[in-house]
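[1] With the sequence up front, the predicted model follows.
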Amino acid sequence: MRCVVHSLCELGKHNTACFKFLSDTCYGFENHHNLPEVLTLSGPSGTGKSAIMRILKQRLLDICNFSKKQADKWVLFVNAKDYVTDLTALWNTIRDFASPPLEKFFLAKYRLVMIDDFDKIPPSR
């Protein structure tokens, strides 16, 4: 049985703890090439969740020193609002990104999928 590490960072008026958590996440990745399997940023609208995810994405790419072509194969950033009326397309996009084997020149043990506005996905029926 595989343990899923789920990290939660709650944003609000005082984001010091969240920024420390993200800094620690980058440090762990840089020094141990380890990331939580699921990282959830939550908080009220306008608190910077999307901006923080984009910064985290760029920081991880900088650590890896990936070219643009390599970065596109390692990280997928999607906005769930674009798929509200067609959830199958969202899941297909993620599946297609995660499915193909990585080229030999590109060594990574996982791929990174970032979904913005995940709360816009309607509950299943």
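    Cool, got the structure.
[2] shaky segments in this structure?
    1-15, 100-109, 124-125 (pLDDT under 70).
[3] quick one: the helices in it?
    Ranges of helices in the chain, per DSSP state H, are 16-32, 49-64, 68-74, 87-98.
[4] out of the ones you listed, deepest packed?
    Comparing these by mean neighbour count (mean count of other CB atoms under 10 Å), helix 49-64 ranks first with a mean of 16. Every C-beta, even on glycine, is put in place using the N, C-alpha and C of the backbone.
[5] which other helices and strands contact that one?
    helix 16-32, strand 38-42, helix 68-74, strand 75-79, strand 112-116 (3 or more CB pairs under 8 Å, 6 or more residues apart in numbering; DSSP states H and E).
[6] Make TSV out of these and add distance to Thr93.
    Output for the helices and strands packed on helix 49-64, formatted as TSV (distance: least, CB to CB, whole Å):
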stretch	distance to Thr93
helix 16-32	24
strand 38-42	18
helix 68-74	13
strand 75-79	6
strand 112-116	9
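[7] and Phe97, which of those is closest to it?
    Closest approach to Phe97 among these (CB to CB): strand 75-79, 4.5 Å.
[8] Break this protein down into its domains, please.
    According to automatic domain parsing, the chain comprises the domains 1-65, 66-125.
[9] ok, and what's touching stretch 112-120?
    Identification of contacts with stretch 112-120 by CB atoms under 8 Å, 6 or more residues apart in numbering yields 35, 49-50, 53, 57, 60, 74-81, 84, 94, 97-98.
[10] again, only this time at 6 Å
    By CB atoms under 6 Å, 6 or more residues apart in numbering, the residues outside stretch 112-120 that reach it are 50, 53, 75-81, 84, 94.
[11] closest one to Pro123 among the helices of the chain?
    Among these, helix 87-98 comes nearest to Pro123, with 10.9 Å by CB to CB.
[12] Name all residues that make contact with the residue lying closest to Ile121 once chain neighbours are set aside.
    Leaving aside its sequence neighbours, Ile121 sits nearest to Ala80 (CB to CB, 6 or more residues apart in numbering; 5.2 Å). Contacts for Ala80 (CB under 6 Å, 6+ apart) come out as 115, 117-118, 120-121.
[13] That's all I had, so thanks and see you.
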